[in-house]
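In: can you look at this prediction? I've put the sequence above it.
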Amino acid sequence: MLRITVMNTKGGCGKTTVATNLASYCAAQGYGTALLDYDRQASCSRWLKERKNGRPFIHGIAAYAPPREGTTRAWQMQLPADTQYVITDTPAGYETYNIEDRVAGTDVILIPVLPSSIDIHSTADFIRDLLLIGKARALNKRLAIITNRTRIRTKAVEKLERFLQSLDIPVIARIRDTQHYVSAAERGLGIHELSERDAQKDIATWKELLDWLNNAQAQPGSSQQELRNCSG
Ligand SMILES: Nc1ncnc2c1ncn2[C@@H]1O[C@H](COP(=O)(O)OP(=O)(O)O)[C@@H](O)[C@H]1O
Ligand SMILES: [Mg+2]
């Protein structure tokens, strides 16, 4: 089982988009998939409610909510026995103690980042917290960056790429800016499940991401992130 957490304290960078698209892609490939929602805004949980029966199954847990009356937290968090991928969505701007908890409970941390100065600065701060407070490097967690809405080569994208090169954290996927993500999100689908031909070219992005994760699972625990590179 591989536990993947999508994190970045910056809002709107694409955490829920990554979590829902990755979950639906894993499920479509036949992997037992669970989606844990730690965000009170419940975007993932709402997305799952929109998902029609008959689509590849994803086991959802509204982890932000307390357990139902008469049940325990352990019961609420229980995963189906065949779960292979656990994908966790997190809120923006959460407290540092939450960073510690999330880092402790995961194998891989995926960090989506947008090409804007504001996002670059706050992501640099977040990565520093992840390494310092979350002790991600000491705990041998794999960190990887996903750039979002970056297909067009603008100055902001170039700046983002320069910033990412200065960190010793791999960029494992680049997500195109397209309204297909917005329409898939509204319908409880991943972009790969849309029938539009233009959406089909984005499947390669999710295949690449899943290949990287499968590889990470095959060779666990060898992250080389260097704290000194992340002074922001
Ligand atoms: N690559 C993309 N192309 C177009 N729209 C996107 C893309 N990624 C995210 N969005 C949209 O941007 C908004 C914020 O994305 P979201 O994944 O909810 O961010 P977060 O969970 O980090 O707050 C959503 O409306 C989402 O549909
Ligand atoms: Mg979100």
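Out: Done, it's in. Ligands and ions are numbered 1, 2, ... in the order given.
In: now the nearest residue to Asp89 once chain neighbours are set aside: how far from Ile118?
Out: Spatial nearest neighbour of Asp89, excluding adjacent residues (C-beta to C-beta, 6 or more residues apart in numbering): Ala19 at 3.9 Å. (Each C-beta comes from the backbone N, C-alpha and C, glycine too.) Applying C-beta to C-beta, to the nearest Å, the value for Ala19 to Ile118 is 22 Å.
In: Lys207 now?
Out: Separation of Lys207 from Ile118 (C-beta to C-beta): 31 Å.
In: give me the number of residues near Leu143?
Out: 24 (other C-beta atoms under 10 Å).
In: can I take it that it is in a strand?
Out: Yes - going by DSSP: H, G, I helix; E, B strand; the rest coil, the assignment for Leu143 places it inside a strand.
In: dig out what it forms beta bridges with.
Out: Assessed by DSSP bridges, Leu143 has beta-bridge partners Ile109.
In: is it true that it touches Thr106?
Out: No - if you go by C-beta atoms under 8 Å, Leu143 and Thr106 don't touch, sitting 10.3 Å apart.
In: number of residues surrounding Leu79?
Out: Considering only other C-beta under 10 Å, Leu79 is surrounded by 13 other residues.
In: helix, strand, or coil at it?
Out: coil.
In: assign the closest residue to it other than its chain neighbours to helix, strand or coil.
Out: With C-beta to C-beta, 6+ apart as the criterion, Leu79 has its nearest non-adjacent residue at 5.3 Å, and that residue is Ala34. Three-state assignment for Ala34 (three-state DSSP): strand.
In: can you pull the contacts of Ala34?
Out: Taking C-beta atoms under 8 Å, 6 or more residues apart in numbering, we find Ala34 in contact with Ile58, His59, Gly60, Ile61, Leu79, Pro80, Thr83, Tyr85, Val86, Ile87.
In: show the pLDDT at the first one.
Out: Spelled out, that is Ile58. For Ile58, the pLDDT comes out at 98.
In: also the fifth one?
Out: With respect to pLDDT, Leu79 scores 98.
In: likewise the one 10 residues further on?
Out: In the prediction, the pLDDT value recorded for Asp89 is 97.
In: what parts of this structure come near ligand 1?
Out: Residues of the chain lying near ligand 1 by C-beta under 6 Å from any ligand atom: 11-17, 43, 92, 148-149, 175, 177-178, 181-182, 185.
In: pull out the buried members of the residues you listed.
Out: 13-17, 43, 92, 148-149, 175, 178, 181, 185 (16 or more other C-beta atoms under 10 Å).
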